[in-house]
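[1] Any chance you can model this:
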Amino acid sequence: MQRSGAQARKASLAESVLAAISELMPPEAAADAEQENFMDVGSHLYHAPLATMELQRAQNSTTNVMLVMEYLAANVDLAKDLITRCSSVARELKNDDLLSITEDLDNVIKNIGHELSRIPATAFGSNRFAEAAADAHLHIAGNRQRYCDQHSFDGYADADMLIIATNNRPRRRTLHNSDMPRLVDFLQGIYHESHEIGAHSFNSLPEVAEYVEPLYDSFFCPLTNKVMVDPVTTESGVTYDRRAIEEYLEKFTVGSEPVICPVTKMAMQSKTLRSNVPLKSTIAEWIMRNEATRVRIARTALSMASTEAMVLEAIQELKLLANLRRKNREQMHKIGITKFLPRLLEHKDGLIRCDSLDLLCLLVEDETGKEIIANTRAIARTIKLLSSSSSQDERHAAISFLLELSKSELLLENIGSTAGSILILTTMKFNDSDDPIAAEKAWEVLKNLENCPKNIKYMAESGYLDPLQRHLVEGSEDVQMEMVSYLGELVQKQEMTINIAGSASEILIKMVHSGNTMIRKAAFDVLVQISSHGPNSKTLVDAGAVPVMVEELFIRKIDDEPMGSKTEAAAVLANIVESGLDPDTIVVNKEGHVITSKYSVYNFTHMLKCSMLDDLNLSIIRVLLALTALPKPLMTVVSVMKEQDSSQAVIEFMGSQTEALGIGAARLLIALSPQMGHTIAEKLCKAPGQPGRLVKSIGQPGRVTERHAVAATLLAKLPYQNMTLNLALLNGGAVPTLMAKIEEMQRGEMRASRHAKPYMEGLVGALVRMTTTLYDPEVLLAAMDHNFTAVLTDLLVRSAGSEEVQRLAAVGLENLSHQSVNLSQPPSEDRRPKKKNILRRLRDAHAGRVHDNNRKPPPTQARLCPVHSRVCSPATTFCLVEAGAVEGLLGVLESNENSRVVEATMGALCTLIDDHVDVERGVAVLVEHDAVRHVLRALRQHAREGDGAAVWRLCFWAVERFLAHGGERCVREVTADRALPSALVSAFHKGDAATKQVAESVLRSLHRMPDYSVSYVSVEL
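    Numbers count the residues shown, from 1 in each chain. I've put the predicted structure just below:
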């Protein structure tokens, strides 16, 4: 009666489970279910129990079947939850969430099928339930994909799955005995309070597994009370674990007391042990089933976990099982654990992320695990952890996982192409002092990544060039070609500094000789780039690059080969010569010629006269310009260019549409102007329209460019007194252009450029050059018309922060002041109208055009200039006194310590006290402006040697004038200076001839030396 009641209870529970399963299927699927015995579902069946355990299993069949049915009911409820979630939020789920839920559903269905297969058919009394259950399982599995395809899950976040699974479940109908807990209750009870079932309580995941897959007493060794590993049977018929019983039997030596069975306490005649093969097989089978169950339970715990502790215990359980045997890892792959774990790498808890990485590291030891990971975002998330995690343990776990992945060729490109991966790994490698363990593993990962050629390119793009250079040198010919192609792409895409090794340089130079045009082009591109980095030049020279480039440039000629190779060869040579190496040591051929020899310079300059590409001409000009930086090569370049008359070609290049070529040509002419400036000036004037183009280039509106600056600088550097050039510029409208641009610069309208300063200096220099040829009426008239004196006086103060502008302005004022004596006019009553010279007539003819913004309307009676004793004005006579230039010059003398500026300033001031003017009045004017103090200060601040020698000479000359023509106050101020006597003595002893002569004159004035000019009367004794 009791047995029939149990059968009825099992049948009722089966009916409930089947009813729940039928709810999971569409009505038509349930209607068309095939009548098939579920015992034939081979994937869910276990082998029949061994005969030795059949009796025990039969006795416990009721309990076991009920446990299986309870576990089955829990899985059905979980499946209903998953489907309900899909139905309720289908339109909000994303694709990743949909895949996750369907994977969970698939695992639940497999669990249902597995538990159905464990119920003997005899447990139901009829096959009706078995057939319906198997049919339900097959239909659910078959229709899972179709169900998912019919729903959209966009908008459903990954993190929402666990929350919905635990907090938002629909209410279940109780389909089983109310005192039998569901699996959900098992797992949740573990983390809240011990969940009891009858006499059982569960506090960990393994205990749940043992409840589902119970142990039998016969599995335990009586001595150790642990599950036996190698069961053996003694003479007494009791089974022990081999190791335990052998240790026990060792206590009984030969001849001692009889061997006693530890269980029966009976004496045994023999120590013979027989292996219990059936029990050993049964235990092994149970272990496999138990571990498989533990894996499934842990997977379920991960899916429904509501606390970090639950997730951590599930991961720890899986780590333990993964370490035990490969079979467990394979099961984890199949039921979706490997694919699920990468999502935990974004969990907020660091311990969960770290443990997930450790588990993943175990699961990807086989290729199946790596293939699964390849279809997830695990690599990107791991790279993110490497860059952002502050935990050393987490970084170590991440780099270990990445190292394991890098052992698979399938994932090499995936790792290398992940944004930031190479950069982070190389940073870890080079920062070995911070974390040696991580640095070593990062280095191993990088070594593995080199097995994919694309990763070598990625490494080079991240600044790690060692692998590329190593494969360039050590690789096969095909690999070398691929590496040089990568280098070529690299230098074209981005500007970066590449330090090349000598062996790699030799390979690149060798490739230049190959017949493959594409490889030659790539090798040339790389050589051009690496030669632009100074330290590489020595390496290239040692590797023999220069003779190869020279041969390519001057000798090699292939009709169907583009000129690009010559252009690139010239660029490499230009980079090497500009690197700072001693050009006298750069050998260009087997004959021993160096790059500074006349042979080399002749070939370079000859190519300038040929019709070549602009880039090629630019590189040749760069070579010649670099050679002019040293005195000896400069003279060679000047000599060859004069012989070949090459300066005309360089002048023509200034008008090139290629801006770099125009700038380079102008710079070369500037460098050559001290030695062949007049030649260049004459060629410049002979070139049709060239001076006008220079003026036009200078006057272009807009921001100051380098081309503006070099054009102005060239005009300022060519010889000032070349009348041909000055007239050509004058006729080309240079003076108004220069004046306008200087005014714009002073107003700050064109300073927003690093070329503004040299541009301003060039403008002032070009203007000052006109003051050296004032003897020409046209130049003189232009100076008057544009009031040069006022402009240059203003530049003393508003110099745009340039000392060179102040120096040039002082030089220009000195040149103008020398003309004041000739241009100044006597008072009106002393004039003689009939004797007008040409200058008078020119001035009268253009009197209406004179511009003097600072000049006030002339008074009724003209005022005489105190220095020139005649009528002066800033515009027409260039008088420094009338222009107020004295104050400006003394201000420069006070504030500037540059020797060249002080020399030019003193030169301008000395024009007011030279022999062509009234010296006494000139001295009086300077004394009135406190010039004595400024002159003595300049004398103290500048050394006797170098540029200071000219300053001393001018200062001594001015002091001599002050002493000779100044009043008592002036003399007293001079003689009171304590530094003056020692300076005079030093100049007299060690100065040059001119300085010594002036110092001697001052010493006589101070009565420090005898005056031999005094006449003595001879007295006859």
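[2] use CA for all of it now, contacts and neighbours both
    OK.
[3] what sits against residue 637?
    With contacts defined as Cα atoms under 8 Å, 6 or more residues apart in numbering, residue 637 is in contact with 598, 601, 624, 627-628.
[4] scratch that, residue 968 is what I was asking about
    Contacts of residue 968 were listed using Cα under 8 Å, 6+ apart, and none were found.
[5] same check, this time on residue 479
    With contact set as Cα under 8 Å, 6+ apart, residue 479 has these partners: 471-472.
[6] and the next element down the chain from the helix or strand harbouring it?
    Assessed by DSSP states H and E, residue 479 sits inside helix 477-493. Downstream of helix 477-493, the first helix or strand assigned by DSSP H and E is helix 502-512.
[7] How many residues are close by the residue lying closest to residue 897 once chain neighbours are set aside?
    With Cα to Cα, 6 or more residues apart in numbering as the measure, residue 941 is the residue that lies nearest to residue 897, at 7.4 Å, once sequence neighbours are left out. Taking other Cα atoms under 10 Å as the criterion, the count of residues near residue 941 is 14.
[8] Report the two members of the contacts of residue 637 separated by the largest distance.
    Comparing all pairs in those by Cα to Cα, the longest separation belongs to 598 and 628, at 13.3 Å.
[9] can you give me the strands for this protein?
    In chain order, the chain shows strands spanning 195-197, 200-202, 231-233, 239-241, 259-260, 267-268, 274-275, with DSSP state E as the criterion.
[10] between these, which gets the lowest average pLDDT?
    When these are compared on average pLDDT, strand 195-197 comes out lowest at a mean of 43.
[11] Show the contacting residues for the closest residue to residue 727 other than its chain neighbours.
    Computed as Cα to Cα, 6+ apart, the closest residue to residue 727 that is not its neighbour in sequence is residue 779, at 7.6 Å. Shown in contact with residue 779 (Cα under 8 Å, 6+ apart): 727, 730, 770-771, 773.
[12] Tabulate these (JSON lines), appending neighbour count.
    Output for the contacts of residue 779, formatted as JSON lines (neighbours: other Cα atoms under 10 Å):
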{"residue": "727", "neighbour count": "18"}
{"residue": "730", "neighbour count": "19"}
{"residue": "770", "neighbour count": "27"}
{"residue": "771", "neighbour count": "24"}
{"residue": "773", "neighbour count": "19"}
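[13] The closest residue to residue 603 other than its chain neighbours: neighbour count?
    Using Cα to Cα, 6+ apart and skipping the chain neighbours, the partner closest in space to residue 603 is residue 554 (7.4 Å). Other residues within reach of residue 554 by the criterion other Cα under 10 Å amount to 15.
[14] From residue 620, how far out is residue 554?
    Relative to residue 620, residue 554 is positioned 12 Å away (Cα to Cα, to the nearest Å).
[15] and what of residue 808?
    Here residue 808 is placed at a distance of 33 Å from residue 620 (Cα to Cα).
[16] Which one's more surrounded, those two?
    Using other Cα under 10 Å, the more surrounded residue of residue 808 and residue 620 is residue 808, with 27 against 24.
[17] hang on, isn't the more buried one packed against residue 763?
    No: counting by Cα atoms under 8 Å, residue 763 is not a contact partner of residue 808; they are 10.3 Å apart.
[18] quick one: the helices in the stretch 501-650 of the chain?
    Ranges of helices within the stretch 501-650 of the chain are 502-512, 517-531, 534-542, 545-550, 564-578, 598-608, 614-627, 631-644, 647-653, based on DSSP state H, counting those that start in this stretch.
[19] ranking those helices by burial, who's on top?
    helix 564-578 (a mean of 25; mean count of other Cα atoms under 10 Å).
[20] what's that one packed up against?
    In this structure, helix 564-578 packs against helix 517-531, helix 534-542, helix 545-550, helix 614-627, with contacts taken as 3 or more Cα pairs under 8 Å, 6 or more residues apart in numbering; DSSP states H and E.
[21] Put the alpha carbons of the first one into PDB.
    Same thing as helix 517-531. Only the C-alpha atoms of helix 517-531 are listed here, as PDB (Å, rounded to 0.1, in the frame of the first residue of the first chain):
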ATOM      1  CA  THR A 517      60.900  49.000 -58.500                       C
ATOM      2  CA  MET A 518      58.400  48.800 -55.700                       C
ATOM      3  CA  ILE A 519      60.900  47.500 -53.100                       C
ATOM      4  CA  ARG A 520      63.400  50.100 -54.200                       C
ATOM      5  CA  LYS A 521      60.800  52.800 -53.700                       C
ATOM      6  CA  ALA A 522      59.900  51.500 -50.200                       C
ATOM      7  CA  ALA A 523      63.600  51.200 -49.200                       C
ATOM      8  CA  PHE A 524      64.300  54.700 -50.500                       C
ATOM      9  CA  ASP A 525      61.300  56.100 -48.500                       C
ATOM     10  CA  VAL A 526      62.600  54.500 -45.400                       C
ATOM     11  CA  LEU A 527      66.200  55.700 -45.900                       C
ATOM     12  CA  VAL A 528      64.900  59.200 -46.400                       C
ATOM     13  CA  GLN A 529      63.000  59.100 -43.200                       C
ATOM     14  CA  ILE A 530      65.600  57.500 -41.000                       C
ATOM     15  CA  SER A 531      68.400  59.700 -42.300                       C
END
